[in-house]
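# model this:
(one chain, ligands or ions: 1)
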Amino acid sequence: MWPRVLSRLALLAGGQAVLGVLLGWWFGWPAALLAVVLFGLLLAGLDAWRAGVFIDWLREGELPEAPRLRGPWGEAVYRSVRRLRTLMQQRSASEQRLTDFLAAIQASPIGVLLLDAQGRIEWCNDIAGEHFGIDPRRDLLQHIGNLVREPAFAAYFAGKDYRAEVQLLGRQNTPAHPVRLAVQLARYGEGQLLMLSRDVTALAQAEAMRRDFVANVSHEIRTPLTVLAGFVETLQQLPLTEPERQCYLAMMAEQSERMQLLVNDLLMLSRLEGSPPPDLRSAVDLGELTARCETEARALSLLLHPLGERPQTLCVGPPPDFALAGAEGELRSAIANLINNAVRYTPGGGRIDVAWERLPGGGARLAVTDTGPGIQPEHLPRLGERFYRVDRSRARESGGTGLGLAIAKHVAQRHGGELQVSSTVGKGSCFALVFPASRVLPSAHHRQGAGALAAG
Ligand code: ADP
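Model (predicted):
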């Protein structure tokens, strides 16, 4: 700094000295002194004006309006402009980083709320807004306790131990659509709190389903096991006649068969859930498959309504002129379950129709229609859930495992289709498997026919 000050002073003194000598030589020394003083004042005034312009610009001016000054003030302006430019660039870079960061949190599937040391909302993303019914703009600076009013949350917030999360009901929770949230707080900065919320409804439902499933399986197995254990005890302890023994053994065989059916269905379900969707290349001959299911169903019908009772009428339509791309074993199981159910639930004298049809969009549909008791509308959405039964005692009487429709629904879905149910109480039901056009293939007979025509 000093060299610059000294050189400026030297310039000033030098200029004045030269001016003084020249004026003194021409007009005498008093005039020279006056001129030197006036020149000094002029220079000082010019400097003061430049300083004023610079300070005015620093106070209120914009960067593009930087004054054009000469000398040291010009350099001061130039350096200030450069410094301000660097600062502005740094500021816009940090603003951009903050915007990106907030956009990333906004895009997160987790709800995020930033609370100040008093528990007031400083910022929240849209997901958190949805979870707690908060408006991310209107509710800023509101205390979180005023907006999330569940007692479990109030206790968690007040407890100040935030190592574990707390489970709450979401704002949109209704009995028909439960919404469960897992909420956790974490401290950061100077007493601020980070609040995270996750939608764990699916997880809670899966956990509840798992619990129900284990309870149902245990219950289903316990009943025949208890009966079997009772019979074994009776056989061991009572002196029975041969016909009585035979009768008990037959009942024991029936119970063990029930358990076998249940275990088979459970294995089938677990295979369906754990394996990749069936291949699109293997064609299943539906005529043959339906005929095999028909034979089985007729035998079941005869067993349930022996000769002498009013028989059921089972009508199976003509074999379809198309095949399905899929897994034969799975399709057989699904079709057999629907036809066997119709046989089991339709009383003697009733009628069961089985028919394949082509749908307008190119898909295919198998409809199993019966004149059975029908099902009340409130049960229809739940059919296909494992172990869901409309009438428990009746279902068990007829020898079902409670998994038939779950298997049929799964198989349909794995083939890209769905299980449709319609029913009228007192009139009957229609269970249908609907498959998309992508699964429908020309049948083997058709292909052969086409081949023969082409060869001819
Ligand atoms: P289940 O082994 O008990 O028959 P399913 O999964 O096959 O189990 O069927 C579930 C329930 O749906 C049955 O318990 C029964 O109440 C009802 N259901 C199924 N098919 C019919 C039908 N054709 N007519 C009336 N009710 C039926």
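
# tell me which parts of this structure are close to the ligand?
On the criterion Cβ under 6 Å from any ligand atom, the ligand has as its neighbours in the chain the residues 337, 341-342, 345, 370, 372-373, 375, 383, 389-391, 395, 400-406, 429. The way it works is simple: take the backbone N, C-alpha and C, and place the C-beta from them, glycine included.

# Go through these and flag which are in strands.
Among the residues of the chain next to the ligand, the residues falling in strands (DSSP state E) are 370, 429.

# Pull out the buried residues from the residues of the chain next to the ligand.
Members of those that pass the buried threshold by neighbour count (16 or more other Cβ atoms under 10 Å) are listed as 337, 341-342, 345, 370, 372-373, 375, 383, 389-390, 395, 400-406, 429.

# In stretch 413-422, which residues are buried?
Residues of stretch 413-422 classed as buried under the neighbour-count rule (16+ other Cβ under 10 Å) are 414-417, 419, 421.

# could the residues you listed go into CSV alongside distance to residue 296?
Below are these laid out as CSV (distance: Cβ to Cβ, whole Å):
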residue, distance to residue 296
414, 22
415, 21
416, 26
417, 22
419, 20
421, 22
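
# Include distance to residue 100, pLDDT and secondary structure when you put these into JSON lines, please.
Formatted as JSON lines, the entries for these read as follows, by distance: Cβ to Cβ, whole Å; pLDDT from 0 to 100; DSSP: H, G, I helix; E, B strand; the rest coil:
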{"residue": "414", "distance to residue 100": "42", "pLDDT": "95", "secondary structure": "helix"}
{"residue": "415", "distance to residue 100": "45", "pLDDT": "95", "secondary structure": "coil"}
{"residue": "416", "distance to residue 100": "41", "pLDDT": "95", "secondary structure": "coil"}
{"residue": "417", "distance to residue 100": "45", "pLDDT": "96", "secondary structure": "coil"}
{"residue": "419", "distance to residue 100": "47", "pLDDT": "97", "secondary structure": "strand"}
{"residue": "421", "distance to residue 100": "51", "pLDDT": "97", "secondary structure": "strand"}
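
# What is the nearest of those residues to residue 6?
When those are compared for distance to residue 6, the smallest value, 91.0 Å, is given by residue 416; criterion: Cβ to Cβ.

# Just to check, the closest one is in contact with residue 433?
No: proximity of residue 416 to residue 433 does not meet the contact threshold set by Cβ atoms under 8 Å, at 11.4 Å.

# where does residue 412 fall, helix, sheet strand or coil?
In the three-state summary, residue 412 is assigned as helix, counting by DSSP: H, G, I helix; E, B strand; the rest coil.

# Quick one: residues contacting it.
Taking Cβ atoms under 8 Å, 6 or more residues apart in numbering as the criterion, residue 412 is in contact with 334, 418-419, 433-435.

# tell me the centre residue of the protein?
The C-alpha lying nearest the average C-alpha coordinate of the chain belongs to residue 202 (Cα atoms, centre = their mean; 8.0 Å).

# Let me know the distance separating it from residue 209.
10 Å (Cβ to Cβ, to the nearest Å).

# Pull the contacting residues for whatever residue of the stretch 101-250 of the chain ends up closest to the ligand.
For the stretch 101-250 of the chain, the nearest residue to the ligand under the criterion Cβ to the nearest ligand atom is residue 220, separated by 9.9 Å. Taking Cβ under 8 Å, 6+ apart, we find residue 220 in contact with 262, 387, 401-402.

# hang on, isn't residue 251 packed against residue 231?
Yes: with contact taken as Cβ under 8 Å, residue 251 and residue 231 are classed as touching, separated by 6.3 Å.

# and the closest residue to the ligand within the stretch 151-300 of the chain, what element?
Across the stretch 151-300 of the chain, the shortest distance to the ligand (Cβ to the nearest ligand atom) belongs to residue 265, at 8.3 Å. Per DSSP states H and E: residue 265 is located in helix 242-274.

# can you check residue 207 too?
Residue 207 is located in helix 201-237, with elements delineated by DSSP H and E.

# That helix to helix 242-274, inter-axis angle?
Compare the direction of helix 201-237 with that of helix 242-274 by axes from the mean of the first three to the mean of the last three Cα atoms, to 10 degrees and you get 160 degrees.

# Now helix 201-237: average pLDDT?
The predicted model gives helix 201-237 an average pLDDT of 90.

# Now it: buried residues?
Along helix 201-237, the positions that meet the burial threshold by neighbour count (16+ other Cβ under 10 Å) are 201, 204, 217, 220, 224, 227-228, 231.

# try stretch 44-54
With burial defined by 16+ other Cβ under 10 Å, the residues of stretch 44-54 counted as buried are 50, 53-54.
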